[in-house]
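Novice: from the sequence below, what's the structure:
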Amino acid sequence: MKIFYSDFHRKHYPPFEVFDGGKRVPYLENPDRMDRILSALNKTDWAEFVEPNNFGLDPIHAVHDKDYITFLASSWTEWLDSDPEVAASPEQNALLPATFALRRTPRVPSTLLGKAGYYMMDLSACIVEHTYSAALTSANCALSAAESVISEQSSAFALCRPPGHHAGKDYAGGYCFINNASVAANWLSSKGKVALLDIDYHAGNGTQDIFYERNDVSTISIHGDPDFEYPHYIGFADETGTGAGLGFHRNFPLPAGTDDAKYLTALDEALGMIRNFAPNYLVLSTGMDTFENDPLGKFKVTHNGFTEIGKLIAALNLPSVIVMEGGYANEALGANVVALLEQFK
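Specialist: Residues are numbered from 1 along each chain as shown. I've put the predicted structure just below:
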């Protein structure tokens, strides 16, 4: 299996994030996650590592608002230029706003921090010097995997960091800046129908935002119920698309404590929907934070559960772009990723 990966992600490493209650903590979405996955993949005899190609900005602008991407590209330099204290110690700082837009009006502020509050959803989407470049490279990993899937009609793994599924049309959030899976799915949609299945523990709010009015890409997310879990304001069962997209989106919000059996029951229903849609391609947003020991999750999926999840999805027999999203139980992360991936090889 081809694994599309770049070491450039290491340059995106914010010094902190802010949890609920204002607690500043070390950044959980860190390079160690990739090291654990790389170590596990290197122990297999089927992982072929490939550097991503550069697809330019057109596939990204096809999914994301251009002004939002311009903000990501320029915000760090603007901040350095405007704040001497930040310029004096950039390695200790991350661009985070103190005020967030309620989005009741479409007006974009003119100031940098005003724009940050408009284009950022929370206090985990921290911007540092190379965040934008790392996000572009991550999207290129997903696009390169999609290109490989088209040419070889097989499955490929985009080892993306930063992840992407919380990034909407014009906002960052939940460690995500560019929606890698959505960029890949949109690019694939010109080649045929696409199903995008999100198995990350957290609802794929950004993906839902991007495809909610479309019927050429069917989106399904299985996740912790937003009544108790991030992102809280999206991911409910009655959100099924609108306009042309009505009926082409489905959320499976599950309760805390969901174990292998309950998860596989929901997955089986989701896969039935995908079969009925009859797509040409599958994009899989692959989060491992459903794992029983994940610090950001409340599910109880086991290592063996990931093997079964992989078997069921692979049985669709679709050319699949597998895109890395979350997963923060680092010690088990690599083994869990391999358990799922080896069902597709």
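Novice: settle this for me: Leu196 is touching Val217, isn't it.
Specialist: Yes - counting by CB atoms under 8 Å, Val217 is a contact partner of Leu196 at 5.9 Å. C-beta: built from backbone N, CA, C; applies to glycine.
Novice: what about these two, which has more around it?
Specialist: Leu196 (32 against 24; other CB atoms under 10 Å).
Novice: mind listing what that one touches?
Specialist: By CB atoms under 8 Å, 6 or more residues apart in numbering, Leu196 lies in contact with 181-182, 185, 207, 211, 217-220, 282-285.
Novice: before we move on, what about Ile220?
Specialist: 195-198, 249-252, 270, 273-274.
Novice: repeat the analysis, applying 6 Å as the threshold.
Specialist: 197, 250, 270 (CB atoms under 6 Å, 6 or more residues apart in numbering).
Novice: ok so, going back, what's the overlap in contacts for Leu196 and Val217?
Specialist: Counting by CB under 6 Å, 6+ apart, the shared contacts of Leu196 and Val217 are Ala185.
Novice: that older thread, out of the contacts of Leu196, name the ones that lie in strands.
Specialist: 217-220, 282-285 (DSSP state E).
Novice: distance to Glu29 and pLDDT added to those residues, as JSON lines?
Specialist: Output for these, formatted as JSON lines (distance: CB to CB, whole Å; pLDDT from 0 to 100):
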{"residue": "Val217", "distance to Glu29": "26", "pLDDT": "98"}
{"residue": "Ser218", "distance to Glu29": "28", "pLDDT": "98"}
{"residue": "Thr219", "distance to Glu29": "23", "pLDDT": "98"}
{"residue": "Ile220", "distance to Glu29": "24", "pLDDT": "98"}
{"residue": "Leu282", "distance to Glu29": "25", "pLDDT": "98"}
{"residue": "Val283", "distance to Glu29": "21", "pLDDT": "98"}
{"residue": "Leu284", "distance to Glu29": "19", "pLDDT": "99"}
{"residue": "Ser285", "distance to Glu29": "15", "pLDDT": "98"}
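Novice: okay, now Glu239: neighbour count?
Specialist: Considering only other CB under 10 Å, Glu239 is surrounded by 18 other residues.
Novice: helix/strand/coil for it?
Specialist: With DSSP: H, G, I helix; E, B strand; the rest coil as the basis, Glu239 sits in coil.
Novice: so it versus Asn251, what's the distance?
Specialist: Distance of Glu239 to Asn251, given as CB to CB, to the nearest Å: 6 Å.
Novice: regarding this structure, what is its longest helix?
Specialist: Assignment by DSSP state H gives helix 131-152 as the longest helix of the chain.
Novice: list the contacts of it.
Specialist: Residues from elsewhere that reach helix 131-152, judged by CB under 6 Å, 6+ apart: 2, 4, 6, 8-9, 11-12, 52-55, 59-60, 72-73, 156, 158, 160-162, 177-178, 180, 183-184, 187-188, 191, 319, 321, 323.
Novice: quick one: mean pLDDT for the helix or strand just after it?
Specialist: Next helix or strand after helix 131-152 toward the C-terminus (DSSP states H and E): strand 156-158. Mean pLDDT, strand 156-158: 98.
Novice: same deal with stretch 321-340?
Specialist: On average, the pLDDT along stretch 321-340 is 98.
Novice: and that stretch, end to end?
Specialist: 13 Å (CA to CA, to the nearest Å).
Novice: kindly report the same for stretch 14-27.
Specialist: 6 Å.
Novice: could I get the buried residue list for the least confident helix or strand in the chain by mean pLDDT?
Specialist: Lowest on mean pLDDT, DSSP states H and E among the helices and strands of the chain sits helix 84-88, with a mean of 91. Of the residues in helix 84-88, those buried under the neighbour-count criterion (16 or more other CB atoms under 10 Å) are Val86.
Novice: what helices or strands is it leaning on?
Specialist: Where contact means 3 or more CB pairs under 6 Å, 6 or more residues apart in numbering; DSSP states H and E, helix 84-88 is packed against helix 66-82.
Novice: how about the helix it packs on: buried residues?
Specialist: Neighbour-count burial for helix 66-82, counted by 16+ other CB under 10 Å, picks out 68-69, 71-72, 75-76, 78-80.
Novice: average model confidence for that helix?
Specialist: The average pLDDT within helix 66-82 is 96.
Novice: tabulate the CA atom coordinates of it in CSV.
Specialist: Only the C-alpha atoms of helix 66-82 are listed here, as CSV (Å, rounded to 0.1, in the frame of the first residue of the first chain):
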residue,chain,number,x,y,z
LYS,A,66,-10.2,32.0,-0.9
ASP,A,67,-10.2,34.8,1.7
TYR,A,68,-9.9,32.2,4.4
ILE,A,69,-7.0,30.6,2.7
THR,A,70,-5.4,34.0,2.3
PHE,A,71,-5.8,34.6,6.0
LEU,A,72,-4.1,31.3,6.8
ALA,A,73,-1.2,32.2,4.5
SER,A,74,-0.6,35.7,5.9
SER,A,75,-1.7,35.7,9.5
TRP,A,76,1.5,34.7,11.2
THR,A,77,3.6,37.2,9.3
GLU,A,78,1.1,39.9,10.0
TRP,A,79,1.1,39.1,13.7
LEU,A,80,4.9,39.2,13.9
ASP,A,81,4.9,42.6,12.2
SER,A,82,2.2,44.0,14.5
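Novice: and it with helix 131-152, angle?
Specialist: Going by axes from the mean of the first three to the mean of the last three CA atoms, to 10 degrees, helix 66-82 is angled at 150 degrees with respect to helix 131-152.
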